[in-house]
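> Predicted model follows, preceded by the sequence.
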Amino acid sequence: MGGLKLRDSVTALRGVGPGSAKRLARLGIAEIRDLLLHLPLRYQDRTRTTPLGELAAGTECLVAGEVLGADVNYGRRRSLLVRLQDDSGRLAMRLFHYSRGQRESFAPGAWVRCFGAVRMGPMGLEMVHPEYRLFPSEPPPPAPELTPVYRQTEGIATARLAGWIEAALADVDEEFGIPLPDQDFPLLLDALRCVHGRAVDEGDVEDGEARTARLAAARRRIVLDELLAHYLVMRRRRAARGGLATTPLPPTRQLGRELLRNLGFRLTGAQARVARDVLNDLASNVPMMRLLQGDVGSGKTVIAAFAAIRAAEHGCQTALMAPTEILAEQHFETFSAWLGPLGIGVGLLTGRLAAAERRARLAAVAAGEDLVVVGTHALFQSGVEFQRLALAIVDEQHRFGVEQRMMLRHKGEVPHHLVMTATPIPRTLTMALYADMDVSVIDELPPGRQAVRTRVVAMSRRNDVIAHVGQAVVAGAQVYWVCTVIDDQEGETNGGGQPTTEATATRQASSNLGLGFPPRDPERAATTTFDELQELLPNVRSALVHGRLPATEKAAAMAAFKAGEIDLLVATTVIEVGVDVPNASLMVIDNAERLGLAQLHQLRGRVGRGSARSDCVLLYQPPLSEVATQRLAVLRNTNDGFAIAEKDLELRGPGDILGTRQTGEQAFRIADLAEDAALVPIATRIGDALPDSAELAGQITSTWAFGAEADYPEM
Ligand code: ADP
Ligand code: MG
């Protein structure tokens, strides 16, 4: 045998026909490689047989017993009851489906070894449809290895899947994984043999602890390979970018200076530094690929404006993409106000434009009248024809997912890219995940900002909070009241064509964590809260926004709030990203326990944007889970997005930070960045010592298949 290649189809294995291949495809398994990387979810301990006298209902065990007899039982449902015994006790094995041959095989005196869940039946302990095997006499002790349990799909028994994996492991005849310079690391293939449970020396019975350590070490080796592969691919992508050419945008008319004079504020040192980074990049004919990180309210938008102005000076177009319509709308307003006076045309393109309006907009873009085009991701999906696109800006990049790199091509060229995120990513992760980009950080807030004072308040004091809102409005404040759901009927939060919301994912996570608590009260809905607040605060001018409202209504409410015509804006988390109303100085978040740290921090970032002292009230419904308690405490104690991100990584994993949960995308097959964060610097260190060779790249691709250049869509 042998000779199996990693990229061979699974049908190259004996016993895998087209039918099985189709079922395997449902598990994401198409090639031999996928099969090998289909790691066990957990292991069953079948290394020990439990004496029948020691069995307890509710456990899963391996047992062996001598057949006393097998009788058909005509209860509510016909079943075959096989009675077993050993020196210590008895057990019944119950089969509802059986053949006559099966029935006859259970001859008294034969032995059965079976594995399954023990439950209390009408006549004592029993196992229903366990996995079993017959022996002519007492069976030998079981093999000293744990049995892997795999994620399954209908129509493929776990034993068959395990058999195929075993066969593939035995027959693969190709370098697999990245050869690591360090002797301490086993070969990837050996690590895989180990986690698939096939690497125990016969007779060498290890204790549970040694086994656990061995499995963990093997898993680490596999994760390291994946992280390293990702890093090397990113590095290669970066190198490849160096070979691309695009329109250089060197300084010309210095229109940016005019904006600077009209802004009404001075740039912070950090903003000035980052603006220089960006403008320098633009001057080059190598496409810029820069990630701009800056905490909420640090002033990223104006950097984007300078970049767009530079492109416009050359008669080139900029596409600015925002994750929500509200934010796109707001950017459109801001850019119109900033760039309009400079004679730069700005257009808005969202999915909800009326057909005629849309046609007019598209024509303006194609004719190059709109030099800046702001939109949601509809902008990039609907085949918009630019006249001369030279710059693509993606705001709140984390909302679009990690792997969905926004690399665009325009008429054969890759335009300059600027991606902005308010989500602080811990440095170690940035290095690994964004190794294909240059990174700039705005690490300073505009002067005069005061930390938002945050209080955590139980739902029982909600009426006090409402009264406080009334007083704040009388004193001239504008207030956000944020709810986690739109109305009482459903749990959907952010409509508006967005990807799966973070709130949903978080709610699932926190309800899982909340297992063992009594059922929670329903969440406060935006629509009912709006009615409630209007009734209790009749003199307060209020408005409601949520994702299911028509775009025009949303825009009108936001505009009125921004203009100060509305005092109180009741909203769902649609206002989470980017919304900028500097005069708003109080935010109440209902059911704050349902939201993740990153999201709460983003929401809170809507206040504290002006010079007034701002407050945030986190209303929670007791009882709080352990993690929710910690989350709220973190938020109360710090306003620093980086500190919050580190804490978040610790408390619940990087999904929130990196946006994978929102988009449902999986950046990695196996690595879990929360659990494996410590391996990231090791991977980058090893990676830096490895040559940037095509051979290595080929090996990585055949192992992990991070789409190399394939994900640069044409536009
Ligand atoms: P974010 O980084 O969250 O996108 P914005 O760009 O929306 O932040 O800026 C937040 C607010 O701060 C805006 O009202 C903006 O006009 C204002 N701002 C930006 N830079 C400065 C500055 N240097 N001084 C004062 N205000 C600023
Ligand atoms: Mg912003």
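Nice, I can see it. Owing to the predicted nature of the structure, the values given are computational and were not obtained by experimental measurement. Ligands and ions are numbered 1, 2, ... in the order given.
> Run the chain-centre distance for stretch 97-117.
47 Å (C-alpha atoms, centre = their mean, to the nearest Å).
> what helix or strand does the residue in the stretch 151-300 of the chain that ligand 1 sits nearest to sit in?
Nearest residue of the stretch 151-300 of the chain to ligand 1, counting by C-beta to the nearest ligand atom: residue 299, 2.9 Å away. All C-beta atoms are positioned from the backbone trio N, CA, C, and that covers glycine. For residue 299, there is no helix or strand it lies in under DSSP states H and E.
> where does the stretch 251-400 of the chain have low pLDDT?
For the stretch 251-400 of the chain, applying pLDDT under 70 flags the ranges 380-383, 397-400.
> near ligand 1, which residues of it?
Within the stretch 251-400 of the chain, the positions adjacent to ligand 1 are 265-268, 271, 294, 296-302 by C-beta under 6 Å from any ligand atom.
> For those, which two are the farthest from each other?
Farthest pair in those (C-beta to C-beta) is 266 and 296. Separation: 20.2 Å.
> show me the contacts for the closest residue to ligand 1 within the stretch 401-550 of the chain.
In the stretch 401-550 of the chain, the residue that lies nearest ligand 1 is residue 446 (3.2 Å; C-beta to the nearest ligand atom). For residue 446, the contact set (C-beta atoms under 8 Å, 6 or more residues apart in numbering) comprises 265, 268, 297-299.
> Could you rerun that using 10 Å?
Residues in contact with residue 446 (C-beta atoms under 10 Å, 6 or more residues apart in numbering) are 265-268, 270-271, 297-299, 609-611.
> Give the buried residues for stretch 691-701.
For stretch 691-701, burial by neighbour count (16 or more other C-beta atoms under 10 Å) applies to 696-697, 699-701.
> Return the subset of those lying in helices.
Among these, the members falling in helices (DSSP state H) are 696-697, 699-701.
> Would you format these as a markdown table with pLDDT and distance to residue 61 included?
As requested, these are exported to a markdown table (pLDDT from 0 to 100; distance: C-beta to C-beta, whole Å):
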| residue | pLDDT | distance to residue 61 |
| --- | --- | --- |
| 696 | 76 | 47 |
| 697 | 71 | 48 |
| 699 | 75 | 43 |
| 700 | 74 | 42 |
| 701 | 70 | 44 |
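> among those, which are in reach of ligand 1?
Okay, of these, nothing touches ligand 1 (C-beta under 6 Å from any ligand atom).
> Would you mind putting the residues you listed into TSV with distance to residue 374 alongside?
Listed next are those as TSV, based on distance: C-beta to C-beta, whole Å:
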residue	distance to residue 374
696	42
697	37
699	43
700	38
701	37
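> Strands of the stretch 351-500 of the chain, start to end?
Using DSSP state E, counting those that start in this stretch, the strands found in the stretch 351-500 of the chain span residues 372-375, 389-394, 416-421, 438-442, 453-458, 478-482.
> could you give the angle of the fourth one to strand 416-421?
If you take axes from the mean of the first three to the mean of the last three C-alpha atoms, to 10 degrees, strand 438-442 sits at 50 degrees to strand 416-421.
> Quick check: neighbours of strand 438-442 in the sheet, parallel or antiparallel?
Applying DSSP bridges, strand 438-442 is found paired with strand 289-294 (parallel).
> got the angle for the strand it pairs with vs strand 389-394?
In terms of direction (the same axes, to 10 degrees), strand 289-294 departs from strand 389-394 by 40 degrees.
> quick revisit: tabulate the contacts of residue 446 (a markdown table), appending neighbour count, secondary structure and distance to residue 640.
Converted to a markdown table, these look like this (neighbours: other C-beta atoms under 10 Å; DSSP: H, G, I helix; E, B strand; the rest coil; distance: C-beta to C-beta, whole Å):
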| residue | neighbour count | secondary structure | distance to residue 640 |
| --- | --- | --- | --- |
| 265 | 12 | coil | 22 |
| 266 | 11 | coil | 23 |
| 267 | 17 | coil | 21 |
| 268 | 18 | coil | 16 |
| 270 | 19 | helix | 14 |
| 271 | 21 | helix | 18 |
| 297 | 23 | coil | 12 |
| 298 | 24 | coil | 12 |
| 299 | 20 | coil | 16 |
| 609 | 22 | coil | 16 |
| 610 | 19 | coil | 19 |
| 611 | 14 | coil | 20 |
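> From those residues, pick the one nearest residue 4.
Of all those, residue 4 sits closest to residue 298, with 53.0 Å by C-beta to C-beta.
> buried ones in stretch 90-108?
Of all the residues in stretch 90-108, those buried under the rule 16+ other C-beta under 10 Å are 90-95, 98, 106.
> By mean pLDDT, which helix or strand of this structure comes out lowest?
helix 502-513 (a mean of 33; mean pLDDT, DSSP states H and E).
> And the next helix or strand past it?
Next element after helix 502-513 (DSSP H and E): helix 526-536.
> So which other helices or strands are in contact with that following helix?
helix 462-474, strand 478-482, strand 542-545, strand 568-571 (3 or more C-beta pairs under 10 Å, 6 or more residues apart in numbering; DSSP states H and E).
> Just put the ones you listed in CSV and tack on distance to residue 598 and mean neighbour count.
Compiled in CSV, the helices and strands packed on helix 526-536 are given as follows (distance: least, C-beta to C-beta, whole Å; neighbours: other C-beta atoms under 10 Å):
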stretch, distance to residue 598, mean neighbour count
helix 462-474, 24, 16
strand 478-482, 15, 26
strand 542-545, 21, 22
strand 568-571, 18, 27
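> JSON lines for the ones you listed, including mean pLDDT?
Listed next are those as JSON lines, based on pLDDT from 0 to 100:
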{"stretch": "helix 462-474", "mean pLDDT": "96"}
{"stretch": "strand 478-482", "mean pLDDT": "97"}
{"stretch": "strand 542-545", "mean pLDDT": "96"}
{"stretch": "strand 568-571", "mean pLDDT": "96"}
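> Can you redo those as a markdown table, where the extra columns are distance to residue 436?
Output for these, formatted as a markdown table (distance: least, C-beta to C-beta, whole Å):
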| stretch | distance to residue 436 |
| --- | --- |
| helix 462-474 | 46 |
| strand 478-482 | 35 |
| strand 542-545 | 37 |
| strand 568-571 | 36 |
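> mind giving me TSV with the ones you listed and columns for distance to ligand 1?
Listed next are those as TSV, based on distance: least, C-beta to the nearest ligand atom, whole Å:
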stretch	distance to ligand 1
helix 462-474	20
strand 478-482	14
strand 542-545	18
strand 568-571	16
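> how about residue 125, what does it touch?
Contacts of residue 125 (C-beta under 10 Å, 6+ apart): 52, 55-57, 63, 89-92, 118-119.
> Of the residues you listed, grab the buried ones for PyMOL.
With 16+ other C-beta under 10 Å as the criterion, this PyMOL line picks the buried residues out of these:
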select buried, resi 52+55+63+89+90+91+92+118
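> okay, the contacts of residue 125 in a markdown table with pLDDT and distance to residue 591 next?
Listed next are these as a markdown table, based on pLDDT from 0 to 100; distance: C-beta to C-beta, whole Å:
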| residue | pLDDT | distance to residue 591 |
| --- | --- | --- |
| 52 | 94 | 51 |
| 55 | 93 | 45 |
| 56 | 91 | 41 |
| 57 | 90 | 39 |
| 63 | 94 | 48 |
| 89 | 93 | 52 |
| 90 | 94 | 53 |
| 91 | 95 | 49 |
| 92 | 95 | 49 |
| 118 | 94 | 41 |
| 119 | 94 | 39 |
